[in-house]
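Participant: give me the fold of what follows.
(one chain, ligands or ions: 2)
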Amino acid sequence: MGTEGSSSLPVIDFSFSELRPGSPPWDLVKSQVGKAAAEFGCFQALFNKIPQDLRNAMNGAMEEMLQLPLETKRRNVSEKPYHGYLGSTSARSSIYEGLCIVEPSIYDMVENFTNVLWPEGNIKISKTVHLFSEPVLELGQIVRRMIVESLGVEKYLDEHINSTYNLLRVAKYEAPQTTEKKTGLMAHTDKNITSILYQNEVDGLEIQTKDGEWIPVKLSPDSFLIIIGESFNAWTNGRLYSPYHRVMLSGSKTRYSAAFFSVPKEGYIIKALEELVDEDHPLLYKPFDYSDYLNRRFADDGKIKSIPALKNYFGNGI
Ligand SMILES: O=C(O)CCC(=O)C(=O)O
Ligand SMILES: [Fe+2]
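Facilitator: Ligands and ions are numbered 1, 2, ... in the order given. Model prediction:
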């Protein structure tokens, strides 16, 4: 699986031409994914389905969107917390900014987003974001299917896949112009199911292992980082790990990233699978409504910062 000693993250190759469920390569990759999700809650996925010119176009699109004037970016709004423009707060650094696109694999949804930023339209950006998102979201589905299969709970696969929607957040971390590392994004766990991260050539993401060690992530241009969120941890009753991660930057290069989040749908109740609760694995969290959790987090944003909030709100007392 490519782990080198204790201080590097698993690297898993998804670049097989025939990665069909049930095929020998599928079973091989599946066992690597299951292990990595349990031990690190995170792994690097090598994925050659996106040609270099599309990656370059995506890098250009991220730059173009995030270099727009502040008042333009602020038009990216949503009633839902964390679904629109994000500037700096006490939980995010002054070098961070993000824009959100709901369901980026649906062309009309991407166009709705670009029309807000460019009232005259921007077909080039819409097409790039849409074309880039499709294979990334396919990768996400492959990973989730493999995880569900590796836990032996296939009967919930359709329910699981249908319980989420996709949110893309493109972010900019302004070059700090320092030799010392500066915080770009504070340590946090993701609240959702899975996150798939892509970046321009500037590294900066760090992942914390179960032992508390921070590992800097070196992402090759054709790879993505998969992170397990708290909701996946809760649904699998702790079988999967949900790691803390942060962005630390130094130097003179601006970092751009695209995070594809699979998010539980409005009103979906996350309840640990009964097959995964037993004497050795007592119930970790009471069933919870994801939107309720997010709203509470949002209300507390800036106060509780990196405290593991899911346990605070819905922990089962263990
Ligand atoms: O920009 C990155 O690489 C990380 C973003 C992230 O962790 C998040 O938005 O939750
Ligand atoms: Fe995150």
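Participant: need the phi and psi values for the residue positioned nearest the centre of the chain.
Facilitator: Nearest to the mean C-alpha position of the chain, counting by Cα atoms, centre = their mean, stands residue 195 at 1.8 Å. Dihedral angles of residue 195 (phi, psi; degrees, to the nearest 10) stand at phi -120, psi 140.
Participant: excluding chain neighbours, what is closest to it?
Facilitator: Distance criterion Cβ to Cβ, 6 or more residues apart in numbering; nearest residue to residue 195, sequence neighbours excluded, is residue 227 at 4.4 Å. Quick note: C-beta positions are derived from backbone N, CA and C, even for glycine.
Participant: again with residue 46
Facilitator: If the residues on either side of it in the chain are set aside, residue 46 comes closest to residue 13, at 4.6 Å by Cβ to Cβ, 6+ apart.
Participant: report how many residues lie close to the residue nearest to residue 210 when sequence neighbours are not counted.
Facilitator: Once flanking residues are discounted, residue 210 sits nearest to residue 241: 6.5 Å by Cβ to Cβ, 6+ apart. Burial of residue 241, expressed as a neighbour count using other Cβ atoms under 10 Å, amounts to 20.
Participant: show me what contacts residue 241?
Facilitator: Residues in contact with residue 241, defined by Cβ atoms under 8 Å, 6 or more residues apart in numbering, are 37, 38, 39, 40, 41, 42, 210, 228, 233.
Participant: and the helix or strand harbouring the first one, what does it pack against?
Facilitator: Meaning residue 37. Using DSSP states H and E, the element containing residue 37 is helix 24-39. Helices and strands touching helix 24-39, as assessed by 3 or more Cβ pairs under 8 Å, 6 or more residues apart in numbering; DSSP states H and E, comprise strand 11-13, strand 42-46, helix 123-150.
Participant: could you give the angle of that helix to strand 42-46?
Facilitator: Going by axes from the mean of the first three to the mean of the last three Cα atoms, to 10 degrees, helix 24-39 is angled at 150 degrees with respect to strand 42-46.
Participant: average pLDDT across helix 24-39?
Facilitator: Regarding helix 24-39, the rounded mean pLDDT is 97.
Participant: how far off centre is it?
Facilitator: On the basis of Cα atoms, centre = their mean, to the nearest Å, helix 24-39 is displaced by 19 Å from the centre of the chain it belongs to.
Participant: what's the angle from it to helix 123-150?
Facilitator: Interaxial angle, helix 24-39 versus helix 123-150 (the same axes, to 10 degrees): 90 degrees.
Participant: next, count neighbours for residue 297.
Facilitator: Residue 297 sits with 18 neighbouring residues when counted by other Cβ under 10 Å.
Participant: the helix or strand harbouring residue 231 vs ligand 1: in contact?
Facilitator: Using DSSP H and E, residue 231 falls within helix 230-235. No - applying Cβ under 6 Å from any ligand atom, one finds that helix 230-235 is not in contact with ligand 1, the shortest distance being 11.5 Å.
Participant: and what of stretch 8-15?
Facilitator: No - for stretch 8-15, no contact with ligand 1 is found by Cβ under 6 Å from any ligand atom; the gap never falls below 13.5 Å.
Participant: average pLDDT for stretch 233-248?
Facilitator: So the average pLDDT for stretch 233-248 ends up being 97.
Participant: could you export that stretch as PDB, CA atoms only?
Facilitator: Coordinates of each C-alpha in stretch 233-248 appear next as PDB, following Å, rounded to 0.1, in the frame of the first residue of the first chain:
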ATOM      1  CA  ASN A 233     -17.300   7.600  11.700                       C
ATOM      2  CA  ALA A 234     -20.700   7.700  13.500                       C
ATOM      3  CA  TRP A 235     -22.600   5.700  10.900                       C
ATOM      4  CA  THR A 236     -20.000   2.900  11.100                       C
ATOM      5  CA  ASN A 237     -19.900   3.200  14.900                       C
ATOM      6  CA  GLY A 238     -16.300   4.100  15.000                       C
ATOM      7  CA  ARG A 239     -15.000   1.500  12.600                       C
ATOM      8  CA  LEU A 240     -13.600   4.300  10.400                       C
ATOM      9  CA  TYR A 241     -11.300   7.000  11.800                       C
ATOM     10  CA  SER A 242     -12.000  10.700  11.200                       C
ATOM     11  CA  PRO A 243      -8.700  12.500  11.500                       C
ATOM     12  CA  TYR A 244      -7.900  16.100  12.500                       C
ATOM     13  CA  HIS A 245      -6.300  18.000   9.700                       C
ATOM     14  CA  ARG A 246      -5.100  21.600   9.200                       C
ATOM     15  CA  VAL A 247      -3.400  23.700   6.600                       C
ATOM     16  CA  MET A 248       0.000  25.200   7.400                       C
END
